[in-house]
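A.B. asks: What follows is a protein structure lacking sequence information:
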């Protein structure tokens, strides 16, 4: 018997956390925070499993919706081993420490007394127990319980971001593969995902883009050409292009892409600027280059001609000459660099603001991406009124597999059970219907938060 219990959000992109129990051994997959909730409401329901002896916490990757509550999880399960890829073990302490700083700022600005959910001391104290593993070898998870079975585990490169991995577990009751966030196409820096060979018994798959019919029809090459054309048009008008980007993953991929475009002559030879936490993470991308799969093993972000944004950037002096500017936050959260720069650029018709990632409808970036010229825009409720004149574009450089790619993975892995997570209910239902339409020999379940599913094996 194998049981799977989501204690975080499963029918949306939220606080990923899944308790796996088989043969007397319990493993927690991921320990995230919900990006659209605050305080304790952002946490998985650890109280539901507080009496479980969790042998190990395995982290698929270092985006905070999969990593951000790890210190809280360890307060519940202090004896659990923490396992992730070698690159993630390098990234995790830096991202968790940064998360503490962000929570402290939100506490001070918005008065959320519950923040921070953990301290910098907590992060420093737990870092020594992180175990980093290669993605080309299996390793054992030994149970400390007399009745618990030992598992074999392996991480498979998931594409997505640096260190991202699918998690494969071999148990006496059957094998399990959790995709985490997976990308079945090459990006600028990180190559596409690798998957287990042969069939699996239980597949726990993300379905983020299941409701996006257009995603499978978009060509990355065509999207890059459209980006280059739009950027060139802005620059030739004497303007600058602002690109809000997530610090982890998207910033590094976009910087590498733009630099290559400039070298190839598909965008004009202008300064490329970056600033914020993404710069720190770019250094970690370089530091781990020799021990992770890369599209170009010799490329180093620090060796590219990319400049730090001047400290007086909020005054707009650097906008007097055309440039391309990549800064956080990707959704233009209030008080961030991209938010402040957008305020400067929106009223001028020679500038451009280009979005390259997901934007939550509740975030200021969503208001900006849907604005049109001539509109009076308030980026937040009660914010100042800004006349919109600049060029606003949205480009799709997703780090998630589209639904056709995920269907191919399901066909190849031939799971007995397919458990759908990490996507809106509409997205999960598309996969459920498509799997039935294709008559694939797998039982499909859409997991629900706080509800355990029991999977009967042939041997039981």
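C.D. replies: All right, it came through fine. Given the structure is predicted, the values throughout are model-derived calculations rather than measurements.

A.B. asks: Enumerate every residue touching the residue nearest to the spatial centre of the chain.
C.D. replies: Centroid check for the chain by C-alpha atoms, centre = their mean gives residue 63 as the closest residue, at 4.5 Å. Shown in contact with residue 63 (C-beta atoms under 8 Å, 6 or more residues apart in numbering): 32, 161, 181, 248-249. Placement of C-beta: from N, CA and C, glycine included.

A.B. asks: Which of the three states applies to the spatially closest residue to residue 268 that is not a sequence neighbour?
C.D. replies: Leaving aside its chain neighbours, residue 268 sits nearest to residue 235 (4.8 Å; criterion: C-beta to C-beta, 6 or more residues apart in numbering). Under DSSP: H, G, I helix; E, B strand; the rest coil, residue 235 falls in the helix class.

A.B. asks: ok but residue 256 is inside a strand, no?
C.D. replies: No: read with three-state DSSP, residue 256 is helix and lies in no strand.

A.B. asks: what sits against it?
C.D. replies: Each residue near residue 256 by C-beta under 8 Å, 6+ apart is listed here: 188-189, 299, 301, 304.

A.B. asks: Output the residues you listed as JSON lines; include the columns distance to residue 282, pLDDT and neighbour count.
C.D. replies: Formatted as JSON lines, the contacts of residue 256 follow (distance: C-beta to C-beta, whole Å; pLDDT from 0 to 100; neighbours: other C-beta atoms under 10 Å):
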{"residue": "188", "distance to residue 282": "13", "pLDDT": "96", "neighbour count": "20"}
{"residue": "189", "distance to residue 282": "10", "pLDDT": "97", "neighbour count": "22"}
{"residue": "299", "distance to residue 282": "12", "pLDDT": "96", "neighbour count": "17"}
{"residue": "301", "distance to residue 282": "4", "pLDDT": "95", "neighbour count": "22"}
{"residue": "304", "distance to residue 282": "9", "pLDDT": "94", "neighbour count": "17"}
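
A.B. asks: Quick one: the residues you listed as TSV, columns for secondary structure and distance to residue 373 too.
C.D. replies: Shown next, in TSV, are these (DSSP: H, G, I helix; E, B strand; the rest coil; distance: C-beta to C-beta, whole Å):
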residue	secondary structure	distance to residue 373
188	coil	31
189	coil	35
299	coil	38
301	helix	35
304	coil	33
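
A.B. asks: which one of these sits closest to residue 121?
C.D. replies: Distances from residue 121 to the contacts of residue 256, taken as C-beta to C-beta, are shortest for residue 301 (30.9 Å).

A.B. asks: Please, where are all the helices along the stretch 151-300 of the chain?
C.D. replies: In the stretch 151-300 of the chain, the helices defined using DSSP state H, counting those that start in this stretch lie at 220-236, 250-264, 277-287.

A.B. asks: could you check the distance from the residue nearest to the centre of the chain over to residue 69?
C.D. replies: Taking C-beta to C-beta, to the nearest Å as the measure, residue 63 falls 12 Å from residue 69.

A.B. asks: residues bridging contact with these two, i.e. touching both?
C.D. replies: Common contacts of residue 63 and residue 69, defined by C-beta under 8 Å, 6+ apart, comprise residue 32.

A.B. asks: Which of the helices and strands in this structure ranks last by mean pLDDT?
C.D. replies: Using mean pLDDT, DSSP states H and E, strand 307-308 stands out as the lowest-scoring helix or strand of the chain, at a mean of 90.

A.B. asks: What strands line up against whichever helix or strand comes after that one, and which way round?
C.D. replies: Once strand 307-308 ends, the next helix or strand along the chain (criterion: DSSP states H and E) is strand 323-327. Using DSSP bridges, the strands paired with strand 323-327 are strand 241-244 (parallel), strand 271-275 (parallel).

A.B. asks: okay, those in TSV with mean neighbour count next?
C.D. replies: Compiled in TSV, those are given as follows (neighbours: other C-beta atoms under 10 Å):
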stretch	mean neighbour count
strand 241-244	29
strand 271-275	21
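
A.B. asks: nearest to residue 342, of those strands?
C.D. replies: strand 241-244 (6.4 Å).

A.B. asks: related to what we said a few turns ago, which one of the helices of the stretch 151-300 of the chain lies nearest to residue 410?
C.D. replies: helix 220-236 (22.2 Å).

A.B. asks: Give me the residues contacting that closest one.
C.D. replies: 185, 240-241, 257-258, 261, 266-268, 270, 322, 324, 350-352, 354, 356, 391, 393, 395-397.

A.B. asks: Just the buried residues of those residues.
C.D. replies: Among the contacts of helix 220-236, those classed as buried by 16 or more other C-beta atoms under 10 Å are 240-241, 257-258, 261, 266-267, 270, 322, 324, 350-352, 354, 356, 391, 393, 395-397.

A.B. asks: So, low pLDDT: which residues of the stretch 301-450 of the chain?
C.D. replies: Applying pLDDT under 70 to the stretch 301-450 of the chain picks out residues 312-318.

A.B. asks: the helices in it, which residues?
C.D. replies: So, for the stretch 301-450 of the chain - with DSSP H, counting those that start in this stretch - the helices run 337-345, 364-369, 403-413, 425-437.

A.B. asks: nearest to residue 7, of those?
C.D. replies: Nearest to residue 7, of all the helices of the stretch 301-450 of the chain, is helix 425-437, at 18.0 Å by C-beta to C-beta.

A.B. asks: Which neighbouring elements make contact with that closest one?
C.D. replies: helix 403-413, strand 417-421, strand 443-446 (3 or more C-beta pairs under 8 Å, 6 or more residues apart in numbering; DSSP states H and E).

A.B. asks: all strands for the stretch 51-200 of the chain, in order.
C.D. replies: Here the stretch 51-200 of the chain has its strands, by DSSP state E, counting those that start in this stretch, at 54-58, 81-85, 130-133, 139-141, 151-157, 165-171, 174-178.

A.B. asks: ok now do the residue nearest to residue 57 when sequence neighbours are not counted, which residues does it touch?
C.D. replies: Nearest residue to residue 57, sequence neighbours excluded (C-beta to C-beta, 6+ apart): residue 28, at 4.6 Å. Contacts for residue 28 (C-beta under 8 Å, 6+ apart) come out as 17-20, 49, 54, 56-58, 73, 77, 80.
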